[in-house]
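Novice: Sequence and computational prediction follow.
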Amino acid sequence: MEKTHCLIVIFLSYACFSVMVNGLGGRMVGGRTEISDVKTNEEVQELGRYSVDQYNQNQRQYSKGKNIGFVKFSEVVKAEKQVVSGIKYFLTVEAIKDDGSALKTFDAVVVVKPWANTKELLVFAPSTN
């Protein structure tokens, strides 16, 4: 009898797991999802703009009056999102050096918590790709 209960529990656990994975198109819960309409997605482009603004603000704060090279937002060219305690966006952002000399690519990570009306830039660094 105890063996039967154990088999039932194992079967139900497997069934629940299968429904979770297959019900999400084969993706695991909490995994990254590519955003396909990046260039026309206003929310994603605004997050890219926010990332550049925050980066420049941080540069001003810590540069102590030195011109260390601010950047101007151009566009987000790639984006993924992940559901965490909010939505974590992984962005590939193109920006132009302040003097207009070169287009640079940056990796940015932003966490948005819609219920708290907050967003936070976690990472903004030259792209490694």
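Specialist: Nice, I can see it. Numbering: from 1, shown residues only.

Novice: At the geometric centre of this structure, which residue sits there?
Specialist: Note on the chain: the residue nearest the mean C-alpha position is Y89, at 1.4 Å, using C-alpha atoms, centre = their mean.

Novice: What helices and strands are in contact with the biggest strand by length in the chain?
Specialist: Using DSSP state E to define each element, the chain has its longest strand at strand 71-84. Of the remaining helices and strands, those touching strand 71-84 by 3 or more C-beta pairs under 8 Å, 6 or more residues apart in numbering; DSSP states H and E are strand 33-34, helix 42-63, strand 86-97, strand 103-113. (Each C-beta comes from the backbone N, C-alpha and C, glycine too.)

Novice: Mind doing that once more with 6 Å?
Specialist: For strand 71-84, the packing partners by 3 or more C-beta pairs under 6 Å, 6 or more residues apart in numbering; DSSP states H and E come out as helix 42-63, strand 86-97.

Novice: per-residue confidence averaged over it?
Specialist: Computed over strand 71-84, the mean pLDDT rounds to 96.

Novice: Pull up the pairing partners for that strand, direction included.
Specialist: Applying DSSP bridges, strand 71-84 is found paired with strand 33-34 (antiparallel), strand 86-97 (antiparallel).

Novice: Contacts for the shortest one, please.
Specialist: Contacts of strand 33-34 with the rest of the structure, by C-beta atoms under 6 Å, 6 or more residues apart in numbering, involve 80-81.

Novice: Enumerate every residue touching V77.
Specialist: So V77 contacts 92, 94 (C-beta under 6 Å, 6+ apart).
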